[in-house]
Each structure stands twice: as C-alpha cells, then as structure tokens.
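Chemist: Okay, predicted coordinates and the sequence, questions at the end:
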Amino acid sequence: MASRRARSRVLLFTSGPWEGGAGADTQLAASVADCMPDRDFLWFSRWPRRGPRSTVRDGGVPLVSRDGVPHVPERLQATLAGGVLARRTDLVHAILTIGGTYPLFSRLRRGLLGGGPVIHTVPGVMDPGLLEGARPLGGVTVALSEATAGQLRAAGFGDVRVIPPTIPLERWPCRPRAQGPPVVLFAGHHDPAGGAREAIAAAGQAHRSGARFRLVLAMRGRPGQDERALGRDLRARAAREGLPGVEVLGHVPDMPALLAATDVLLFTPRTLGGKADIPFIVLEALATGRPVVLSDLPQFTALDPAGPRAPVADPVHTGELLSRLLQQPRRWEMLARCGRVTVEERFGPDRFRTEYERLYQESLA
C-alpha cells in the first residue's frame, strides 16, 4: 500500500502562475516541489503557455495571464482556484508575501481555503504596519529569517519556524574570477527604496577613491512603470557621479552568465519592500563565488561573515567596502570562498528538504 507520504496531495498556493513572474513566492514554490519529488503537488501555471516552461515539470492548474505577472486578475483567479483545490488536497502550502491585500485575505482564510491544514511560508513583509490587521493562515508560519520571524511572533502569529531558502547549486557552480576590467553588478527593481540609486552613489564614491570598474544595472520593471524613462534617470545619475560606461539592462535571460562575468554584486536597498528576506540574487552570486556588498538590514545577518555590510544609505562606507574588494585580490578570494561555503552549509537543498519534509509530516499527521 502506498504510504501517506507518497499519497498526500499538496497545493502550492501562490499569488499567480509560476511562469513569467519570477517572484520570490514562485521561486520558493519551485524549490519545494523540486526538493520533494515524492509529493503530489498542484500549482498554478500560465495559459496560454509562452516562453520557458515551469522549472519543475509540465502541467499545473492554468490561470489566464498575458505576461505571467500576478496582476489583479491573476490574483483573483488564484484565490478562486485555490478555494476549490484546497478542498481536494490534503495540505495547502501557501507561499505568499504579506502585502496590502493580505490582512483581508487572512480574515477570510477559512471561507477561502477550508478547514484543512495550512502552512504559510512568508517570503517577506512589504510593510510591518500590515501585520496589525493580519492573522496567520494556518497552524505554522514559516519565515526565511529570524528578523521576520520575530516580527510575526510579536504580531500574534504563534508558531513561527525559520527555514532559509535554497537554490539549485548545480545551476550555480562556483566560477573562477573573470578576466578583464572588473564589473560591478546591481540587480533589482526601480523602486525608490530598492537600492539602485544608493548603488550608483556608492559606485561613484569607489570610483573617486581610485577603483576602476564598469557598473552594470540589471533592472526588472514592475507593471505600469516607464522603464525607458527610469533607465534614462539612472544613466543621468551615473553621469553626475562621474561613472563611465554604465550599462542599464532590462530582463536578463542568462543570469548565470552575467554573474560569471561579474566581480562584485552591490546590493544596497533601503528596505526590502516585500522582496524575499534573503533575495535569490544574493544567494546566486555567493554560490557563483562572487562577493556581495550589502546594506545593513537585519535580514542579512544570516549571511555573516560572507556578506560585508554598510549602514543603510551610506554611500561613503559602501563605496569604501566596494573599493577595498576590487583593489585587494586576497580579500576578494577569501570572501568568494566564504560565500560559496555559506550557501552550501546554510542554504543547501538537503537542509531545506529535511526541514519542510518534517513540517509536512507534522501537518499531515
């Protein structure tokens, strides 16, 4: 007879289809499904199918979507489909950022998701003030960092566990340092507090101190943004800082290749604003053997000592850290090795699988 583990059906409930959005929730959902192939998962896929297929397998419950991004129509479809599927599965694993609509959704949880067991993984919290009207979705809530776990416990979420994210290490092998002029990469959104402006200011400080490099900004747009105008603004800021040859990219189809050509990742947000507590781009850079300079946010303490941090919005200190990395090869090599080891030991798939498998068994008992 098949075991309970093999027979259990799990709904990976996200705010939209896996294909197209490339958000933290869908990346985490794909990690869960990839690490536990013995489970029978349901998830949301994009229809009509365009571009790359699901990172895990074909199939899924289709949601009508023009671009795969979780706009309001996709979110409504996910809520309605999730309400039906929750009653046909043994466990709902919701992977949802706590954003503006979460407090209402959490109050309607039982009517929407039924009375079965629910695990909620919280990739991030857009605004701590939202927690005042929020409720837990199930018996166990999972945070990616101790910083967010503390916020959730203080807001009355009860049983909060910490399970750090993971990345497929085979896709992100450690690479030797690229030859040629150094490249500094920032990757993120155009959000005012997202860190792009701070990265340009810090790069300008490093350049004035004598460091020579090329700055590349890999920017992901959000719905409704004028990406061309925003890109022009970033180039103008870089010119005012005296930075030569700054490149502003949109969607990057081959991020492993871009990271392999990079020397340092500069990730300097003022706030995470709903991004994953430990953004995947940071883990991917460290796994590739690329040192990362970070802003001093509490979520990033999990990366110590691999990620040197500077005070938030302090371009002088951040620029000094960047300049030191670029001009001190031994320090670069030390942090490159430390970063890879940190990802393998703290964010490897084995630990991720073990923690979630234990939690699934507990919830399904």
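Modeler: Looks like it arrived, so ask away. Numbering: from 1, shown residues only.

Chemist: Surely residue 203 forms part of a helix?
Modeler: Yes - counting by DSSP: H, G, I helix; E, B strand; the rest coil, residue 203 falls inside a helix.

Chemist: Look up phi and psi at residue 168.
Modeler: Backbone torsions for residue 168, taken as degrees, to the nearest 10, come to phi -70, psi 100.

Chemist: does it really touch residue 35, like I thought?
Modeler: No - the criterion here is CB atoms under 8 Å, and residue 168 misses it with residue 35 at 9.2 Å. Where C-beta positions appear, they are placed from N, C-alpha and C, glycine not excepted.

Chemist: who's more crowded, these two?
Modeler: Relative neighbour count places residue 35 above the other of residue 168 and residue 35, with 20 against 14, counting by other CB atoms under 10 Å.

Chemist: Please report how far the more buried one lies from residue 349.
Modeler: Per CB to CB, to the nearest Å, residue 35 is found 5 Å from residue 349.

Chemist: pLDDT value on residue 79, please?
Modeler: As predicted, residue 79 sits at a pLDDT of 93.

Chemist: residues in contact with it?
Modeler: Taking CB atoms under 8 Å, 6 or more residues apart in numbering as the criterion, residue 79 is in contact with 105, 112.

Chemist: going forward can the numbers begin at 677, since that is how I track them
Modeler: Yep, numbering from 677; the last one is residue 755 now.

Chemist: downstream neighbour of the helix or strand hosting it in the secondary structure list?
Modeler: Here residue 755, judged by DSSP states H and E, is contained in helix 748-762. Going down the chain from helix 748-762, the next helix or strand is strand 767-771, by DSSP H and E.

Chemist: That following strand versus helix 748-762: what angle between them?
Modeler: Here the directions of strand 767-771 and helix 748-762 differ by 160 degrees (axes from the mean of the first three to the mean of the last three CA atoms, to 10 degrees).

Chemist: Off-centre distance for strand 767-771?
Modeler: Distance of strand 767-771 from the chain centroid (CA atoms, centre = their mean, to the nearest Å) equals 18 Å.

Chemist: who does that strand pair up with?
Modeler: strand 685-689 (parallel), strand 794-798 (parallel) (DSSP bridges).

Chemist: Give me whichever of these is most buried.
Modeler: Of all the strands paired with strand 767-771, strand 794-798 has the most neighbours on average by mean count of other CB atoms under 10 Å, namely a mean of 26.

Chemist: what's around the closest residue to residue 704 other than its chain neighbours, how many residues?
Modeler: Leaving aside its sequence neighbours, residue 704 sits nearest to residue 771 (CB to CB, 6 or more residues apart in numbering; 5.1 Å). Residues near residue 771, counting by other CB under 10 Å, number 25.

Chemist: correct me, but residue 771 touches residue 799?
Modeler: Yes - look at residue 771 against residue 799 with CB under 8 Å: they come within range, at 6.8 Å.

Chemist: Give me the common contacts of the two.
Modeler: 701, 704.

Chemist: My guess is residue 961 contacts residue 939. True?
Modeler: No - using CB under 8 Å as the test, residue 961 is too far from residue 939 to be in contact (10.4 Å).

Chemist: what touches both of the two?
Modeler: Counting by CB under 8 Å, 6+ apart, the common neighbours of residue 961 and residue 939 are residue 967.

Chemist: For these two, indicate the residue with more neighbours.
Modeler: Ranked by neighbour count (other CB under 10 Å), residue 961 and residue 939 place residue 961 first, with 28 against 21.

Chemist: Spatially nearest residue to that one, not counting backbone neighbours?
Modeler: Nearest to residue 961 is residue 941, by CB to CB, 6+ apart, at 4.0 Å.

Chemist: how deep is that neighbour tucked in, by neighbour count?
Modeler: When neighbours are counted by other CB under 10 Å, residue 941 registers 24.

Chemist: who does it bridge with?
Modeler: Bridge pairing for residue 941 - DSSP bridges - gives residue 861, residue 968.

Chemist: Assess the claim that it and residue 955 are in contact.
Modeler: No - taking contacts as CB under 8 Å, residue 941 lies outside contact range of residue 955: 10.1 Å.

Chemist: Pull out the buried residues from the helix or strand containing residue 823.
Modeler: Taking DSSP H and E as the criterion, residue 823 maps to helix 822-830. Using 16 or more other CB atoms under 10 Å as the burial criterion, the residues of helix 822-830 that qualify are 822, 823, 824, 825, 827, 828.
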